[in-house]
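Enquirer: quick one, what's the 3D model for this:
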Amino acid sequence: MLFVGLFSPITRALPSDAAGCAGRSAWLAPLLAFPAVLGFIAFLAAVKRRCRAGEGFSELAVRLAGARIGRLFGAVSAAWMTVYCGFILRCGAERLVSAVYANAHSAPFIIITGAVCAAAACGELRWRARSAQAFFPLLALTVAAILVFSMPNVRAERVWPPDFTRPAGTGMAALQSLNVMLTAAYGAFLFGEVYTSGRDLRRAAVWAASAALVSALMLVCIVGILGSKLSASVQFPFFAMIRNISAFRFIDRIEPLIVALWMITDYVFVSMLMSSAAVALGPSKKKIKTVCIAAVSITVSFLISGNAFSLFQRVRRIISAANFVYAAGLVPAVFLAGLVISRKRLAKKRKKDEKSA
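Expert: As a prediction, this is how the structure comes out:
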């Protein structure tokens, strides 16, 4: 489910950010970020091992760090995920307007998508996991077809040789790729609804490697066709690339079909965020909380300007930076602080027991 949901930020945020930072070396970014992604997967596995049965990350934070810190962290997490949901809803609506329904208003798409995601988030996680499993073969086939039909249009001089004269830019692009993969952190709040096995870490590493490889190939196609400057300046480079793809002259202008198909990745990702936000506020009354979070997310999406391109790009950069600070900074910090606090608490308890004995 996470792999399918990650295609939403991979196609929305990564191409323009990586191309703007690294130029023709953008395709190296997911590969350079892969070791750090493995480290983050190991961190999530450590969090999962600490969780008791039916316990997610918010409940773990309360148990380790105490009620005050844990609940404050849950409230901050829920607020941030609600804002993030609103941004994704706005991006999806703008994508539909620009690619399929020209001159239409984005409001109906925002409301409908938000309502569908809220209905899914109110249900059990296994239903969404099964829907993602059912959708994955079609998504994989579509991605493979896009890459195959795009490769003949790639101009090799736009991606090879890599530009090693900009190490800072390439490193920043790798951080952008890592930032996309860090969105898996939001799934940690749903650990209480997940069944684990001994092969989870290995499977997660395989999925992460697959995501890195697909991202690299996608960036080769985007930058190789559009060029790094154009890729960095357009709003959705991935959909700009597929605009002129044709297959044997009988499939032309397939962009609307793929945009509609890609809404399912937004559905998986946003519904996961809504569920995580509701759980972060506490396990009780999840459905009521989910509906309220959906309503606030829709309101946030209306407040984000989608008309002025420069303003929308500025908002996107702010959201991207906030995601990195939250997933790479706040989440590990709370977990580590919780471990320290819980160990001090246990040490005090042992001393007290020794004295009483």
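Enquirer: which other helices and strands does the lengthiest helix in the chain contact?
Expert: Longest helix in the chain, counting residues (DSSP state H): helix 67-99. When contacts are defined as 3 or more CB pairs under 8 Å, 6 or more residues apart in numbering; DSSP states H and E, helix 67-99 sits against helix 2-12, helix 57-65, helix 107-122, helix 237-241, helix 255-280, helix 286-303, helix 309-324, helix 331-356. For every residue, glycine as well, the C-beta is placed using N, CA and C.
Enquirer: can you give the distance from stretch 169-187 to the centre of its chain?
Expert: Using CA atoms, centre = their mean, to the nearest Å, the mean C-alpha position of stretch 169-187 is found 9 Å from that of the whole chain.
Enquirer: do the same with stretch 322-333
Expert: The answer for stretch 322-333 is 13 Å, by CA atoms, centre = their mean.
Enquirer: what's the answer for stretch 291-307, then?
Expert: Centroid separation for stretch 291-307 versus its chain: 18 Å, with CA atoms, centre = their mean.
Enquirer: out of the helices and strands packed on helix 67-99, which comes closest to Asn179?
Expert: Smallest distance to Asn179 across those (CB to CB): 4.6 Å, for helix 309-324.
Enquirer: tell me the mean pLDDT for the closest one?
Expert: Here helix 309-324 scores 75 as its mean pLDDT.
Enquirer: closest one to Gly169 among the helices and strands packed on helix 67-99?
Expert: The minimum distance between Gly169 and those falls on helix 309-324, with 15.5 Å, by CB to CB.
Enquirer: related to what we said a few turns ago, want to throw the helices and strands packed on helix 67-99 into TSV with distance to Ala46 and mean neighbour count?
Expert: What follows is the helices and strands packed on helix 67-99, written out as TSV (distance: least, CB to CB, whole Å; neighbours: other CB atoms under 10 Å):
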stretch	distance to Ala46	mean neighbour count
helix 2-12	17	23
helix 57-65	11	23
helix 107-122	27	20
helix 237-241	34	23
helix 255-280	19	23
helix 286-303	26	19
helix 309-324	20	15
helix 331-356	8	13
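Enquirer: need those in TSV (columns: distance to Cys21).
Expert: Shown next, in TSV, are the helices and strands packed on helix 67-99 (distance: least, CB to CB, whole Å):
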stretch	distance to Cys21
helix 2-12	16
helix 57-65	30
helix 107-122	30
helix 237-241	13
helix 255-280	23
helix 286-303	27
helix 309-324	12
helix 331-356	24
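Enquirer: skip the chain neighbours and tell me the closest residue to Pro15.
Expert: Pro237 (4.1 Å; CB to CB, 6 or more residues apart in numbering).
Enquirer: and the longest helix of the chain, what's buried?
Expert: The neighbour-count check on helix 67-99 (16 or more other CB atoms under 10 Å) flags 69-71, 73-74, 77-78, 80-99 as buried.
Enquirer: cool, stretch 324-331 as well?
Expert: For stretch 324-331, burial by neighbour count (16+ other CB under 10 Å) applies to Phe324, Tyr326, Ala327, Ala328, Val331.
Enquirer: other residues contacting that stretch?
Expert: 40, 57, 73, 76-77, 80, 175, 178-179, 182-183, 185-186, 188 (CB atoms under 8 Å, 6 or more residues apart in numbering).
Enquirer: give me that answer again for 7 Å
Expert: Residues outside stretch 324-331 that contact it (CB atoms under 7 Å, 6 or more residues apart in numbering): Trp80, Asn179, Leu182, Thr183, Ala185.
Enquirer: then stretch 30-40?
Expert: So stretch 30-40 is contacted by Ala174, Ser177, Leu178, Met181, Leu182, Ala205, Ala208, Ala209, Ala212, Ser215, Ala216 (CB under 7 Å, 6+ apart).
Enquirer: give me the neighbour count for the fifth one.
Expert: This means Leu182. For Leu182, the neighbour count with other CB atoms under 10 Å is 21.
Enquirer: residue contacts, it?
Expert: Shown here is Leu182, whose contacts under the criterion CB under 7 Å, 6+ apart are Phe40, Asn323, Phe324, Ala327, Ala328.
Enquirer: just the closest of those residues to Ala13, please.
Expert: Nearest to Ala13 out of the contacts of Leu182 is Asn323 (CB to CB; 8.9 Å).
Enquirer: quick one: low-confidence parts of the stretch 201-350 of the chain?
Expert: Low-confidence segments of the stretch 201-350 of the chain (pLDDT under 70): 244-257, 305-313.
Enquirer: kindly recompute the last result at 90.
Expert: For the stretch 201-350 of the chain, applying pLDDT under 90 flags the ranges 201-287, 290, 300-350.
Enquirer: buried set for the one helix or strand Leu32 maps to?
Expert: Using DSSP states H and E, Leu32 sits within helix 29-50. Across helix 29-50, burial judged by 16+ other CB under 10 Å covers 29-34, 36-38, 40-41, 43-44, 47-48, 50.
Enquirer: list the contacts for the nearest residue to Leu89 once chain neighbours are set aside?
Expert: Spatial nearest neighbour of Leu89, excluding adjacent residues (CB to CB, 6+ apart): Ser301 at 4.2 Å. Counting by CB under 7 Å, 6+ apart, Ser301 makes contact with Gly86, Leu89, Arg90, Ile110.
Enquirer: helix/strand/coil for Thr165?
Expert: Taking DSSP: H, G, I helix; E, B strand; the rest coil as the rule, one finds Thr165 in the coil state.
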